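Colleague: below are the sequence and a predicted model; questions follow.
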There are 2 protein chains.
Amino acid sequence: MSDPVRVALLGCGTVGSEVVRRLIEDSEELAARVGAPIEIAGIAVRRPDKHPELPQHLLTADAGELVESDVDVVVELIGGIDPVRGWLLTALRKGKSVVTGNKALLSEYGAELSEAADASGADLYYEAAVAGAIPLLRPLRESLAGDRIMRVMGIVNGTTNFILSAMDSTGAGYAETLDEATRLGYAEADPSADVDGYDAAAKAAILASLAFHSRVTAADVHREGIAGINASDIAAAKLFNRTVKLLAICERVVADDGTESVSARVHPVMIPRSHQLAGVGGAFNAVYVEAEAAGELMFYGQGAGGAPTASAVLGDLVAAARNRVAGGRGPRESAHAALPVRPMGQTPTRYHVSLDVADRPGVLAQIAQAFAVHDVSIAAVRQRDRLSTASLVIVTHLAPDAALRATVEQIGKLDVVREVVSVMRVEGEDS
Amino acid sequence: MSDPVRVALLGCGTVGSEVVRRLIEDSEELAARVGAPIEIAGIAVRRPDKHPELPQHLLTADAGELVESDVDVVVELIGGIDPVRGWLLTALRKGKSVVTGNKALLSEYGAELSEAADASGADLYYEAAVAGAIPLLRPLRESLAGDRIMRVMGIVNGTTNFILSAMDSTGAGYAETLDEATRLGYAEADPSADVDGYDAAAKAAILASLAFHSRVTAADVHREGIAGINASDIAAAKLFNRTVKLLAICERVVADDGTESVSARVHPVMIPRSHQLAGVGGAFNAVYVEAEAAGELMFYGQGAGGAPTASAVLGDLVAAARNRVAGGRGPRESAHAALPVRPMGQTPTRYHVSLDVADRPGVLAQIAQAFAVHDVSIAAVRQRDRLSTASLVIVTHLAPDAALRATVEQIGKLDVVREVVSVMRVEGEDS
């Protein structure tokens, strides 16, 4: 057996303490898998005196010094950009491998980190950054390395999925359901990172970068949260046998002339209840991948939590440690395709529009005309008679998002339209 | 860019020709990912004159000579054990990496092949051997390397899944449905490898070996096919909101004293219709994994077909080629845990037994007594009144399979039991 692989752990909250526990309890088993013992060289925490449960001689408040010390791998579980970015760059530049679950950092400075890793030949692994325990980044990066990924679409935020699942089953409104989610511990006291889609957008940036061998940052991702969704949106979806999910969608868009670009976006969508992603309830995550040769794939599992996330971190740590022992390194990041990011307005989407309209002849003609003016083709129309109004639902074919938005805006101004009840994009069915 | 990585292709049927097509059409893209061009050094086929569609100068009928020539990676898509085994051993011993989808060979001689790979430092990859396009072996081997896998359970044979799905939706019998499957091309003219569970058993051996770091061969896998399933089994399942699937099940069995063993088996089971695997229809594959830290995971996708399988082969080929270019190698096979395989009789299972019994007092008492004698605990009983008989369904708690079998045998001999209508194991629900 080789010399121990020395690991520095930065941060020791829910995930970190689970990582420490397993490194200690399963040390023999892990050593057999790596070909060398994994040794914890130190654990950096803000307040060492607040961690009586951890081996005291390993604790330090000086993360920077720990990174510079004699360690082979740095596992970072602090989160946020500064000062973590500096520590990880230092580690990588000195040839120490890095395992992190820091989606904020990766979605903004991923390119900088992977260049530093490439320059020194160190590994940079971050399976825990997207979809917790689900093995997703390694399959995208390695298993599908010989294929052409066309699309990655998934539920990557448990909080919003919990809220939307609950709204779907109870019929309750957004505010009320968010309160319930907060009470149950599924939403943070300040829920913005989740409900406004920031968390999912960071993950979409990471997924799009890997899937399309291009550089996509969080700022490139079109982002809409779930705060605007109300009970009538959910009801409108149900009428058409659909359900509402907040999805991260990363697509390779191929123009008529063959030029390619990447669309990366996070927004609520209606999907058919028969779709694989529709049945994913509660705090689970699931990601659907479409590749040219492989066809449709789906990955499902727990997207958060101490033990599940620790599983992803430990898988990466074993890989990084194995590479130390056996020589070699994991696959480099590749951004060779360098596809541009397509603005949301030019991204082809489909809309589901529910309207409360006047009940008189010619209404549909006027509305259809508004779609025609913007060159948007209608896939289906359903009119429901009510006492004094006719509720009208229109589902479009694919059209540029900007044209769809402009159409909805124009329709909202028509005299015959009393109210635009719900507007939502549709995914997961043939157009 | 580095020197080309030279690849020998053995066999060129549906999968092989798709591999060749993509290697040629996507050569630039693949070279960017590998860091060097992938060059086809030769293609061995039985009858070179029968392949006008392939580049003629690459064809040879002499696979042995091609393997011995100046190539870095051997991709084997012929299948079967001899003479392939010798060629692949030669390649590995000479330090050439091997990519194969040969489940028969791997499930019997996997240990020999991986020892040869370890001795020379070559890579041995075989993602295509189980569940076609689904990235499954790499996640088990690498992503979950820091976790403890407790269970791998899945639909790994498309033919039997197609037949059982069809029987479930039409209510038709086995023979009739098999005929239909054959007519549609979902079953081979000689369907034995599929319907008798040989194909799934080979895959179970590969999965169990990887998941539990132990050596499990196809001969160690308990195997029952679907030929004995009839319409009344399917109907019995429906009554309890279950469906019938042929599953490969690999479990880590932990005895009361803490000693561990592996159970690997292929047989039909009833699972709840609400279970993730129940909705997997037609020729799709899906594998459910339970790990100590990660919890429940599911992988879903196409289990067969030229393009999907080629995706798995190409992913492995890119990995092997990258390792050539960058140095290092993929993770070694590890059988360090060396867990023994538990005989089926000692494996804990649950039974679902439907009986046609005499309609008179005391019947249930007699039958319950038979279970008690074998120390089998009953989880649920349902009696249905009919005109002159009472149909009785009993679902047990977990018990050793041998005790369950013995109980059913004894019950079959009771005077009060007119017929044992259906006996099937139950999985996927709390006991």
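Modeller: Thanks, I have it.
Colleague: tell me how far A:T396 lies from B:Y174.
Modeller: Separation of A:T396 from B:Y174 (Cβ to Cβ, to the nearest Å): 46 Å. All C-beta atoms are positioned from the backbone trio N, CA, C, and that covers glycine.
Colleague: ok, the two, which is more surrounded?
Modeller: Set A:T396 next to B:Y174 and count neighbours by other Cβ atoms under 10 Å in any protein chain shown: A:T396 wins out with 24 against 19.
Colleague: which strands and helices lie in contact with the helix or strand hosting A:A201?
Modeller: Secondary-structure element containing A:A201, defined by DSSP states H and E: helix A:198-212. Using 3 or more Cβ pairs under 8 Å, 6 or more residues apart in numbering or on different chains; DSSP states H and E, the elements in contact with helix A:198-212 are helix A:103-120, strand A:149-155, strand A:222-223, strand A:242-254, strand A:260-272.
Colleague: and the residue in chain A positioned nearest to chain B, what is it in contact with?
Modeller: Nearest residue of chain A to chain B: A:G328, at 1.0 Å (Cβ to the nearest Cβ). By Cβ atoms under 8 Å, 6 or more residues apart in numbering or on different chains, the contact list for A:G328 reads B:N323, B:A326, B:G327, B:G328, B:R329.
Colleague: helices of the stretch 51-200 of chain A, start to end?
Modeller: Along the stretch 51-200 of chain A, counting by DSSP state H, counting those that start in this stretch, helices occupy A:63-68, A:84-93, A:103-120, A:137-138, A:158-170, A:174-183, A:192-195, A:198-212.
Colleague: so which of those helices is the most packed in?
Modeller: Highest mean neighbour count of the helices of the stretch 51-200 of chain A: helix A:198-212, a mean of 27 (counted as mean count of other Cβ atoms under 10 Å in any protein chain shown).
Colleague: now that helix, how far from the centre of its chain.
Modeller: 6 Å (Cα atoms, centre = their mean, to the nearest Å).
Colleague: that one vs strand A:260-272, what angle?
Modeller: 130 degrees (axes from the mean of the first three to the mean of the last three Cα atoms, to 10 degrees).
Colleague: who touches the spatially closest residue to A:E333 that is not a sequence neighbour in this structure?
Modeller: If the residues on either side of it in the chain are set aside, A:E333 comes closest to A:S114, at 3.6 Å by Cβ to Cβ, 6 or more residues apart in numbering or on different chains. By Cβ under 8 Å, 6+ apart, the contact list for A:S114 reads A:L124, A:R332, A:E333.
Colleague: how about the last one, phi and psi?
Modeller: Okay, so that is A:E333. phi -60, psi 140 (degrees, to the nearest 10).
Colleague: these two touch, right, it and A:A122?
Modeller: No - with contact defined as Cβ atoms under 8 Å, A:E333 does not reach A:A122; the gap is 11.9 Å.
Colleague: quick one on the thing from earlier: average pLDDT across the helix holding A:A201?
Modeller: Per-residue pLDDT values across helix A:198-212 average out to 97.
Colleague: next one: stretch A:374-392
Modeller: When pLDDT is averaged over stretch A:374-392, the result is 79.
Colleague: end to end, how far does it reach?
Modeller: Stretch A:374-392 has an end-to-end distance of 19 Å (Cα to Cα, to the nearest Å).
Colleague: if I pick A:D356, what's in contact with it?
Modeller: With Cβ under 8 Å, 6+ apart, A:D356 has these contacts: A:T389, A:S391, A:L392, A:V417, A:R418, A:E419, A:V420, A:V421.
Colleague: okay, and the beta partners of A:E76?
Modeller: A:L10, A:T100 (DSSP bridges).
Colleague: that one: neighbour count?
Modeller: A:E76 - counted by other Cβ under 10 Å - has 26 other residues nearby.
Colleague: okay, A:H336: pLDDT?
Modeller: 85.
Colleague: need phi/psi at it.
Modeller: The phi/psi pair for A:H336 (degrees, to the nearest 10) reads phi -60, psi -30.
Colleague: any idea how far A:T182 is from it?
Modeller: Distance, A:H336 to A:T182, by Cβ to Cβ: 44 Å.
Colleague: A:Q302 reaches A:A310, doesn't it?
Modeller: No - with contact defined as Cβ under 8 Å, A:Q302 does not count as touching A:A310 (11.2 Å).
Colleague: quick one, which of those two is more surrounded?
Modeller: A:A310 (30 against 23).
Colleague: who's in contact with the closest residue in space to the more buried one that isn't next to it in sequence?
Modeller: Distances taken as Cβ to Cβ, 6+ apart place A:E18 nearest to A:A310, at 3.8 Å, with adjacent residues excluded. Contacts were defined as Cβ under 8 Å, 6+ apart; by that measure A:E18 touches A:G306, A:A307, A:T309, A:A310, B:A293.
Colleague: and A:G281, by the same measure?
Modeller: The neighbours of A:G281, taking Cβ under 8 Å, 6+ apart as the test, are A:N161, A:S165.
Colleague: which residues of the stretch 301-431 of chain A lie near chain B?
Modeller: A:301-302, A:305, A:307-308, A:310-319, A:322-323, A:326-329, A:331-332, A:334, A:336-337 (Cβ under 8 Å from any Cβ of the partner chain).
Colleague: among those, which ones are buried?
Modeller: A:301-302, A:305, A:307-308, A:310-319, A:322-323, A:326, A:328-329, A:331-332, A:334 (16 or more other Cβ atoms under 10 Å in any protein chain shown).
Colleague: re the thing from before, which one of the contacts of A:G328 is nearest A:T347?
Modeller: B:A326 (35.9 Å; Cβ to Cβ).
Colleague: so what strands line up beside the helix or strand bottoming out on mean pLDDT in chain A?
Modeller: Every helix and strand of chain A was ranked by mean pLDDT, DSSP states H and E. The lowest is strand A:389-396, at a mean of 82. Next to strand A:389-396 in the sheet, as set by DSSP bridges, lie strand A:351-358 (antiparallel), strand A:378-385 (antiparallel).
Colleague: hey, which of those is tucked in deepest?
Modeller: Sort the strands paired with strand A:389-396 by mean neighbour count, taking mean count of other Cβ under 10 Å, and strand A:351-358 sits at the top with a mean of 22.
Colleague: give me the neighbour count for A:V262.
Modeller: Look at A:V262: counted by other Cβ under 10 Å, it has 23 neighbours.
Colleague: what are the bridge partners for it, then?
Modeller: Bridge pairing for A:V262 - DSSP bridges - gives A:R252, A:V341.
Colleague: what's the spacing between A:L88 and B:V99?
Modeller: From A:L88 across to B:V99, the span is 34 Å (Cβ to Cβ).
Colleague: which intervals of chain A have sub-threshold pLDDT?
Modeller: Within chain A, the segments meeting pLDDT under 70 span A:385-390, A:430-431.
Colleague: centroid-wise, who is the farthest residue in it?
Modeller: Relative to the C-alpha centroid of chain A, counting by Cα atoms, centre = their mean, A:P361 is the outermost residue, at 45.7 Å.
Colleague: helix/strand/coil for it?
Modeller: Assigned by DSSP: H, G, I helix; E, B strand; the rest coil, the conformation of A:P361 is coil.
Colleague: up against chain B, what does the stretch 51-200 of chain A have?
Modeller: Neighbours of chain B within the stretch 51-200 of chain A, by Cβ under 8 Å from any Cβ: A:127, A:133-135, A:138-139, A:142-148.
Colleague: wait, A:I163 touches A:V195, no?
Modeller: Yes - with contact defined as Cβ under 8 Å, A:I163 counts as touching A:V195 (7.3 Å).
Colleague: tell me, what's touching the two both at once?
Modeller: A:L178, A:A187, A:I226.
Colleague: out of everything not next to it in sequence, what's closest to A:V34?
Modeller: Per Cβ to Cβ, 6+ apart, closest to A:V34 is A:A321, 4.5 Å.
Colleague: many thanks, have a good one.
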